[in-house]
Structures are given as structure tokens and as C-alpha cells.
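J.: Pasting the sequence and the predicted model now:
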Amino acid sequence: MKSYALIFIHVLVIGVILILISGAPEVDEYSVLDANVQQTETEEAFDKMMDVLTHQRCMNCHPNDNVPKQGEDRHPHYFDMARGKADKGFQATKCATCHQEENNDYSGAPGAPHWSLAPKSMGWQGLSRTEIARIVLDPETNGGKSNEELVKHMTEDELVLWAWEPGIGVDGNLRELPPVSEEEFKKAVEIWFENGAVIPSK
Amino acid sequence: MTILLQVNGVDHALEIADENMPLLWVVRDILNLKGTKFGCGKAACGACTLHVDGEAVRSCSYAVKFAMNKKITTIEGLGNEQNPHPVQKAWVEHVVPQCGYCQPGFMMATAALLSKNPNPSDEEIDKNIINVCRCATYYRMRKAIHRAGELTRENLTNETTSS
């Protein structure tokens, strides 16, 4: 009797193992699943990052016509202020004539360290998200920055992070914040670059 | 906090409760220099323009804490009747002001431009002198700016010759 019971248990164990093995994905299938998860994560990170980059807090100073924009409606900067030779306005009337290193709540003039336009090669206005991403990644247009330097710039630069502390506008109201929080943005940037900075196909 | 600054060549140590107080208020209300005007209060019209370390600044939008240890020049320090600045001479020659309220700002902006570029083209004037004059004295101002440029260049030539 004992030997029948032992045989039965062995057969049962082997059967269970076979069932488990046959129902589990192959190693290759795991790789595909991992890749799908990573692709989704990368694309979500890309979308979050681009939600910020295409918001007026960023876009207003990334023009393609050398004219900074102002306000939530992205109107051209008043008084014909423009890029000038060094992205900081003209000889005597420059960005720093009105914009200091901090927001000014008395006047409503925004301010942050090195207040200036983004370089001409980093003009994003009118471009799609994927086109913006190509410009951001290309050292020819991004000022020779490596991916590590881009992450540092996008997550630490005080002028970039001003987007989440934009202060009070000249109308006395708080400027609109980007649709993604600062922390979420930083995380999205890090994830996107860690996953290879893949630009979605559409 | 104590703000140390020099205004028109005079050193000051000012006790300021609000370090973000606009420099314009300090100049007008504490130092009693009324030549610099309050216009829009939004860094837009330029009536409050003065110089901080030689750079034109809209003082209604310039927190006094940023003026620490800096040299401020207001319209009162640009020149005087005995020794007028070329911009002041030219403004008188061309009888530029109408109501006059915005003129100190224009003159300070012009002086800043000429210190960097004593021979500005019309285009450079358009780009750099963007203050607002409700009397629309722009036409006379343009002539005066060119004249002030001439006077500045003459001064520079004289300085070079005499040195």
C-alpha cells in the first residue's frame, strides 16, 4: 500500500510541475513583457516631460522668431524686446533692465538667475513634441550637452525650475504652473533618459 | 537689514525693513531724490530708469537688496547746470520735453546707451530706447539722442587728445 501511495505522490508532484512549466511564459516571452513595460514607462515619461516643455512657462522663452513671449496667451514681449546678440536683449536695454534674479512681487516682473532666452538653436515654438525632443538631444543644437548634462540642466537649473515658482504677474494673479509637478517632471526626465531617451514614433 | 550703497557719489548706510522694497522708493522717499519718476510700477514704461553700476535698470522692479555695495546714478547725478551731461545738453538744445514727466527715464536710458555705443543708428535707438512718452516726444528725442551722441564722441576725442 505504502509503495502505491509513494508512486501516486510522485506522479502528482511531476504532474503539478509539468502543468506549471507548460503554463508559464518562455524566457523570451519575459523579455518581451519587460520591453513592453519599459516602453510604456518611457512613453509616459516622455509625455509628462513634454507636457512641461510645451507649456508657456517654458515655451515663452524658447521662441523661433527671436521674440520672447509673455503671459498665458504667449503674446510677443511688449516694446519689441528681442533676443539681441547674446540672448539677453540689446546693448543698454536688456533682460536684466527689468528682470532680476528673483520674481518681483511689487512690479510683477518675473525673475530668476541668468534670465535670458534659450539659444536660437533651441527654438521650440511651432514644433511637434518629437521635433522638440530631437533638438533637445542633438549636441549640435543643445549646446554640446551630453545626456547626463541634459538631465542635470533640466532637473537642477534655477531658470528651468522657475517654472514651478513663477510668481505673481503684472495683473496681480499667480502665473499658471505647468500641468505636471516639479517632482513628477524631474522623475519623468530621469526615467526617460535612463531608458535610453527614446523618442516615440508618433 | 542695512543696505550699503552709493548714490550719485555719496555713500549711504540705510536701515531697510523690507529688503524687497523697490529701489525707486528708496531713492525717492528715503533719499528724497525726486527726479526719478514712478510711472507704471510694472517695469514697463521706463520712467523710473536709473543706473546701477552703469547699467540701465527699471528701479520700480529692482529690490533694494540687489543694490548692496553698488553705485547708483539718478538723473540728479548725471550732470548739473555747470557741467551738464551730453544728454542733458542735447535735450535742452532740442527742447525735447513737453510735460516732462517721463524725460528723466529717457535721459538715463539714453546715457546708458551712449556709454556703450556713442554712435547709435536709428535701429539701435529703436531697440534700446523703449520707454514710453505719452506726449509722444519721440521725434525730438531721436534728434536729441543723435546730438548727444555727437557731443559724447566730441568729449571722447577731446579726452584722447588731451591724454
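T.: Happy to help now that I have it. Please read all numbers here as calculations on a predicted model, not as lab measurements.

J.: State the distance from B:Ala67 to chain A.
T.: 11 Å (CB to the nearest CB, to the nearest Å). Where C-beta positions appear, they are placed from N, C-alpha and C, glycine not excepted.

J.: how much space between that residue and B:Leu24?
T.: 11 Å (CB to CB, to the nearest Å).

J.: and what of B:Lys143?
T.: From B:Lys143 to B:Leu24 the distance is 29 Å (CB to CB).

J.: Neighbour count: the two, which is higher?
T.: B:Leu24 (27 against 13; other CB atoms under 10 Å in any protein chain shown).

J.: Can you classify the more buried one by secondary structure?
T.: helix (DSSP: H, G, I helix; E, B strand; the rest coil).

J.: For B:Gly100, see how far away the residue nearest to A:Gln91 when sequence neighbours are not counted is.
T.: Once flanking residues are discounted, A:Gln91 sits nearest to B:Lys116: 4.7 Å by CB to CB, 6 or more residues apart in numbering or on different chains. From B:Lys116 across to B:Gly100, the span is 26 Å (CB to CB).

J.: Check A:Pro76 too.
T.: 30 Å.

J.: For chain B, just list every one of the strands.
T.: Secondary structure of chain B, counting by DSSP state E: strands at B:2-7, B:10-15, B:49-52, B:55-58, B:71-73.

J.: just so I know, which of these lies nearest A:Gly108?
T.: With CB to CB as the criterion, A:Gly108 lies closest to strand B:55-58 of those, at 11.9 Å.

J.: Other residues contacting that closest one?
T.: With CB atoms under 8 Å, 6 or more residues apart in numbering or on different chains as the test, strand B:55-58 has contacts from A:92-94, A:96-98, A:107, A:109, B:23, B:43, B:46, B:48-51, B:108-109, B:112-113.

J.: Report the buried residues of the helix or strand of chain B with the lowest mean pLDDT.
T.: Within chain B, no helix or strand scores below helix B:138-162, which has a mean of 94 by mean pLDDT, DSSP states H and E. For helix B:138-162, the neighbour count (16 or more other CB atoms under 10 Å in any protein chain shown) marks B:Arg140, B:Met141, B:Arg142, B:Ala144, B:Ile145, B:His146, B:Arg147, B:Ala148, B:Gly149, B:Leu151, B:Thr152 as buried.

J.: repeat for stretch A:55-72
T.: Applying 16+ other CB under 10 Å to stretch A:55-72 flags A:55-63, A:67-70 as buried.

J.: How about stretch B:64-81?
T.: Neighbour-count burial for stretch B:64-81 flags B:64-67, B:70-79 (criterion: 16+ other CB under 10 Å).

J.: so which pair among the buried residues of stretch A:55-72 is furthest apart in space?
T.: A:His55 and A:Val67 (18.3 Å).

J.: From the centroid of chain B, which residue is nearest?
T.: The centre of chain B sits closest to B:Met108, judged by CA atoms, centre = their mean, with a distance of 2.0 Å.

J.: hang on, isn't that one packed against B:Thr49?
T.: Yes - applying CB atoms under 8 Å, one finds B:Met108 in contact with B:Thr49, separated by 4.4 Å.

J.: For those two, list the residues in contact with both.
T.: Listed contacts common to B:Met108 and B:Thr49 are B:Thr36, B:Ala56; contacts here mean CB under 8 Å, 6+ apart.

J.: Name the nearest residue to the residue nearest the centre of chain A, sequence neighbours excluded.
T.: The centroid of chain A falls nearest to A:Met49 when counting by CA atoms, centre = their mean (2.5 Å). Counting by CB to CB, 6+ apart, A:Met49 lies nearest to A:Ala188, which is 4.7 Å off, once chain neighbours are set aside.

J.: what residues are up against that neighbour?
T.: By CB under 8 Å, 6+ apart, the contact set of A:Ala188 is A:Glu44, A:Ala45, A:Phe46, A:Lys48, A:Met49, A:Val180.

J.: If you count neighbours, what's buried in the lengthiest helix in chain A?
T.: Assignment by DSSP state H gives helix A:27-53 as the longest helix of chain A. Buried positions in helix A:27-53, judged by neighbour count with 16+ other CB under 10 Å: A:Thr42, A:Glu43, A:Ala45, A:Phe46, A:Lys48, A:Met49, A:Met50, A:Asp51, A:Val52, A:Leu53.
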